[in-house]
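In: sequence-free structure coming up:
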């Protein structure tokens, strides 16, 4: 039988620890006799196609696409809780990162300067950023320009290198960059945070059965209490696993709609 697909593609500052997490989870799932387990994680280039794969067993997506182009096309398994700064349970915020020379500025002080964002379908890098800026926009504009970088690390680099002046970075990502590649955040500071939103959803394909979902959730819960898993979880700042109602991700939709209601549909 062909193995199903599994990935944990969103927080990769310590990729060996992500792979180790899957090995621990796979061992637990094999003990529970879950069928067609992949031996290794997939590291997708095309996230959207991967998330929609009919053989998807497990992946981690972003709250904004979960409520938008993935809505009704995947099932929610749960979400990890992290202990990075600006996290509270499964809720988190984005940190607005600038060069130290701009550390004295409040958000209003970045009017007419340059923004960077990872992707327009990102909750942490775009949607929450847009919602925060929207009340300050005039005729749909606040920044002089907005640069799409393709990733949080690239947005941090754009600010550090002077190609942009402000970026909204997922707080777990920023904490991991500071921990594992401190040179990436050297000379930067946090000038503000966004409003809170629910953390990254763990998802599975619509064809995954209720029994399989229960096995996955039980294995994830057990992992949180495993002494063997503790060093790997600590390396990834993971402190818990929760199964929220899908409706909690309505917060992402509300942020988009609040910006649109203020005449600020695009980060600009």
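Out: Received the coordinates, thanks. Keep in mind the model is a prediction, meaning the values are calculated, not measured.

In: next one: the helix or strand where residue 158 lies to chain centre, how far?
Out: In this assignment (DSSP states H and E), residue 158 forms part of helix 152-160. Centroid separation for helix 152-160 versus its chain: 16 Å, with CA atoms, centre = their mean, to the nearest Å.

In: try stretch 29-38
Out: Worked out by CA atoms, centre = their mean, stretch 29-38 lies 27 Å from the chain centre.

In: quick one: contacts of it?
Out: 1-6, 26, 55, 57, 212, 215-216, 218-219 (CB atoms under 8 Å, 6 or more residues apart in numbering). C-beta here means a position set from N, CA and C on the backbone, and glycine is covered the same way.

In: cutoff 6 Å now
Out: 1, 3-4, 6, 26, 215, 219 (CB atoms under 6 Å, 6 or more residues apart in numbering).

In: hmm, back to that, continuing past the helix holding residue 158, what's the next helix or strand?
Out: strand 166-170.

In: what angle do whichever helix or strand comes after that following strand and strand 166-170 make?
Out: Sequence-wise, the next helix or strand downstream of strand 166-170 (DSSP H and E) is helix 171-180. Orientation check (axes from the mean of the first three to the mean of the last three CA atoms, to 10 degrees): helix 171-180 against strand 166-170 gives 90 degrees.

In: could you give me the buried positions within helix 171-180?
Out: 171-178 (16 or more other CB atoms under 10 Å).

In: and if you look at stretch 189-198?
Out: 190-194, 196-198.

In: check which helices and strands the strand of greatest length in the chain sits against.
Out: Of all the segments of type strand in the chain, defined by DSSP state E, the longest one is strand 74-82. Applying 3 or more CB pairs under 6 Å, 6 or more residues apart in numbering; DSSP states H and E, we find strand 74-82 packed against strand 201-205, strand 238-242.

In: just give me how far the helix or strand just after that strand sits from the chain centre.
Out: Counting by DSSP H and E, the next helix or strand C-terminal to strand 74-82 is strand 91-92. Between the mean C-alpha location of strand 91-92 and the chain-wide mean there is a distance of 10 Å, by CA atoms, centre = their mean.

In: direction included, what does the helix or strand following strand 91-92 pair up with?
Out: Where DSSP H and E defines the elements, the next helix or strand beyond strand 91-92 is strand 94-99. Using DSSP bridges, the strands paired with strand 94-99 in its sheet are strand 166-170 (antiparallel), strand 188-193 (antiparallel).

In: now the angle from the shortest one to strand 74-82?
Out: With the same axes, to 10 degrees as the criterion, the two stretches strand 166-170 and strand 74-82 enclose an angle of 100 degrees.

In: next up, phi/psi of the nearest residue to residue 264 once chain neighbours are set aside, please.
Out: In space, residue 264 comes closest to residue 134 once its chain neighbours are excluded; the distance is 3.9 Å by CB to CB, 6 or more residues apart in numbering. According to degrees, to the nearest 10, the main-chain angles of residue 134 amount to phi -50, psi -40.

In: ok, now which ones touch residue 134?
Out: 259, 262, 264.

In: same thing with residue 142?
Out: Counting by CB under 6 Å, 6+ apart, residue 142 has contacts 111, 133, 136.

In: so who does the last one touch?
Out: Pointing back at residue 136 there. residue 142.

In: from residue 66, how far out is it?
Out: Distance, residue 136 to residue 66, by CB to CB, to the nearest Å: 28 Å.
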